[in-house]
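**Q** build me a model:
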Amino acid sequence: MPEYTPIPGQLVEGYDVTAPQSTDYDAVFADIPAADREVWQRARAVGQELVPLMRDAWDTATYPLEAARRLGDADLFTDGVSHSAITHLSPLAAGLVNMEISRADGSLGTVIAVQGGLALRTLALFGSPEQQDAYLTALAAGTVLGSFALTEPDHGSDSVSLETEARRDGDEWVIRGAKKWIGNGASGGITFVWARVVDEGADDHGAVRCFLVEQDRPGYIGTVITGKVSLRGIHQAHIRLEDVRVPASAVLPGTKSFKDASTVLYSTRSGVAWSALGHATACYEAALAYATQRVQFGKPLAKFQMVQERLTQMLADLTSMQLYCRRLADLESAGQLRPTQASLAKYHNTRTARRIAATARDLLGGNGILIENGVMQHMADIEAIHTYEGTESVQALLIGRDITGMSAFA
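**A** Reported below is the predicted structural model:
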């Protein structure tokens, strides 16, 4: 690239605001074990490697599958899942991966959440030995893409009311229904479909069970959802299941009720809190870098009192998010993490990330809306994680029921 020559009105060509700065004001991560730090550094290296590719993908709303496979190559999909066939990450290491990949790109963070947190975890927890032999290591390596189909067009927050049906027909199951917002649901891989059994007289009639469905089966129609202004670098699908036939062996034998789906969601809720931390870190560090580089009224923005006050507010919020996440990891490592504690972290961190992103966007002025500076992309992507894995309202009701002993669910 030729060296930039300043001209009147444009003394600098641009601003370098996207490089990681390792913000940790209260040394929350100063004492992490060497093995976890190595995983963190690996995630950072891969994330930064993929930033240019994902920036273009976000701009054009395309899903570069090679990016997903690169995460598998780096062994970053296992998300703390315990199984002898795959690498085990501690809760802290798994959280740091979610944080670091989301700091690089929110769509990649969602790939981690879908492929590892949802699909791989479902198979590891509930799949048969044969199902696991066929797909577990392939999901971990990213050679097969997996999806988790629970949410329906008519059932989001009330997904317990799902209407997709699975009927026995001889030695097969016939699945009919619809799913929506399913990451990797049109990627050509496999989908874990949650459906309600319709079989009068059977012990499991009315129960919610999970089925492993290959996406090339007749009747499986996955359509990429277009028009998104968040998570534009991963495709989510609207799925129609038009009498899809699968063998009796397709049902995951460990799934008996909706509580099993909830087990997966509870496990991934911590990951969303970590993902929010990654987004917020990127926004804060971009704002800090910009404030030191951008000159207005003859001096850097960082020399203005108002700017220093905003940066301090952002840092205080960011540090609180780090403390939430570290505590979650410590509780999970000790086997003491309760689902509502993960809900509280998700509730706090996604709300706080929105506030940090808005302040960073404002501080960058007009440059804040450019994809190259990252903040606007993170700001848009935070809107998606604020909703998925349980909306703010649902988290509040879960926590409220826990602290009052009374349910406010309709």
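
**Q** pull out the buried positions in the helix ranked longest in the chain.
**A** For the chain, the helix reaching the highest residue count under DSSP state H is reported as helix 258-293. By neighbour count on 16 or more other Cβ atoms under 10 Å, the buried set for helix 258-293 is 258, 260-291. C-betas here are computed from N, CA, C, even on glycine.

**Q** what's the burial count for residue 355?
**A** By the measure other Cβ atoms under 10 Å, the count of residues near residue 355 is 15.

**Q** actually residue 312, not the one I typed
**A** Neighbour number of residue 312 under other Cβ under 10 Å is 10.

**Q** which helices and strands does the host helix or strand of it pack with?
**A** Element membership of residue 312, judged by DSSP states H and E, is helix 305-333. Contact here means 3 or more Cβ pairs under 8 Å, 6 or more residues apart in numbering; DSSP states H and E; on that basis helix 305-333 packs against helix 91-104, helix 258-293, helix 339-363.

**Q** pipe the ones you listed into JSON lines and attach mean pLDDT per row.
**A** Formatted as JSON lines, the helices and strands packed on helix 305-333 follow (pLDDT from 0 to 100):
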{"stretch": "helix 91-104", "mean pLDDT": "97"}
{"stretch": "helix 258-293", "mean pLDDT": "95"}
{"stretch": "helix 339-363", "mean pLDDT": "97"}
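
**Q** what sits against residue 128?
**A** 249, 252-253 (Cβ atoms under 8 Å, 6 or more residues apart in numbering).

**Q** report the beta-bridge partners for residue 192.
**A** Beta bridges link residue 192 to residue 148, residue 212, judged by DSSP bridges.

**Q** begin at 42 from now on, thanks
**A** OK, 42 is where the count begins now, so the last one is residue 233.

**Q** show me where pLDDT drops low in the chain?
**A** For the chain, the stretches flagged by pLDDT under 70 are 42, 451.

**Q** helices or strands up against the helix or strand just after the longest helix of the chain?
**A** Next helix or strand after helix 299-334 toward the C-terminus (DSSP H and E): strand 336-337. For strand 336-337, not one helix or strand is in contact under the criterion 3+ Cβ pairs under 8 Å, 6+ apart.

**Q** and the next element down the chain from strand 336-337?
**A** strand 340-341.

**Q** can you list contacts of stretch 324-332?
**A** 56-62, 64, 341-343, 348, 351-352, 355-356, 359, 394, 397-398, 400-402, 404-405, 408, 414-416, 419-420.

**Q** can you turn the buried part of the residues you listed into a PyMOL selection?
**A** Only the buried entries of the contacts of stretch 324-332 go into this PyMOL selection, using 16+ other Cβ under 10 Å:
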select buried, resi 56+58+59+64+342+343+348+351+352+355+356+359+394+397+398+400+401+402+404+405+408+414+415+416+419+420
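
**Q** thought residue 427 was touching residue 434?
**A** No: taking contacts as Cβ atoms under 8 Å, residue 427 lies outside contact range of residue 434: 11.0 Å.

**Q** so for those two, which residue has more residues nearby?
**A** residue 427 (20 against 10).

**Q** ok, and the closest non-adjacent residue to that one?
**A** Of all residues not flanking residue 427 in the chain, residue 391 sits nearest, at 4.3 Å (Cβ to Cβ, 6 or more residues apart in numbering).

**Q** same check, this time on residue 155
**A** Counting by Cβ to Cβ, 6+ apart, the residue nearest residue 155 is residue 224, at 3.7 Å.

**Q** how about that neighbour, phi and psi?
**A** phi -60, psi 140 (degrees, to the nearest 10).

**Q** which ones are touching it?
**A** 151-152, 154-155, 159, 188-189, 275-278.

**Q** again, only using 6 Å
**A** 151, 155, 188, 275, 277 (Cβ atoms under 6 Å, 6 or more residues apart in numbering).

**Q** does the first one really touch residue 272, like I thought?
**A** When you say that, I think you mean residue 151. Yes: Residue 151 lies in contact with residue 272 (Cβ atoms under 6 Å); the separation is 5.5 Å.

**Q** which other residues reach stretch 358-368?
**A** Contacts for stretch 358-368 (Cβ under 6 Å, 6+ apart): 66-67, 69, 136, 314-315, 318, 321, 325, 386, 389-390, 393, 397.

**Q** if we go to 8 Å?
**A** Contacts for stretch 358-368 (Cβ under 8 Å, 6+ apart): 64-67, 69-70, 133, 136, 140, 311, 314-315, 317-318, 321-322, 325, 385-386, 389-390, 393-394, 396-397.

**Q** what's the answer for stretch 65-80, then?
**A** Outside stretch 65-80, the residues that reach it (Cβ under 8 Å, 6+ apart) are 81, 117, 130-131, 133-134, 137-138, 356, 359-360, 363-364, 367.

**Q** are any of the residues you listed buried, and which?
**A** Buried among these (16+ other Cβ under 10 Å): 81, 117, 130-131, 133-134, 137-138, 356, 359-360, 363, 367.

**Q** need the distance between the two termini of stretch 245-260.
**A** 24 Å (Cα to Cα, to the nearest Å).

**Q** mind listing what's buried in that stretch?
**A** Buried, per 16+ other Cβ under 10 Å, within stretch 245-260: 245, 248-254, 256.

**Q** of all these, which comes closest to residue 96?
**A** residue 256 (28.0 Å; Cβ to Cβ).

**Q** how is this protein divided into domains?
**A** 75-186, 188-298, 300-445 (automatic domain parsing).

**Q** among those, which is nearest residue 47?
**A** domain 300-445 (12.3 Å).

**Q** narrow the contacts of residue 224 to those in strands?
**A** Mapping those onto strands (DSSP state E) picks out 188, 277.

**Q** closest to residue 236 out of the contacts of residue 224?
**A** Residue 236 lies nearest to residue 188 out of those, by Cβ to Cβ, at 14.3 Å.
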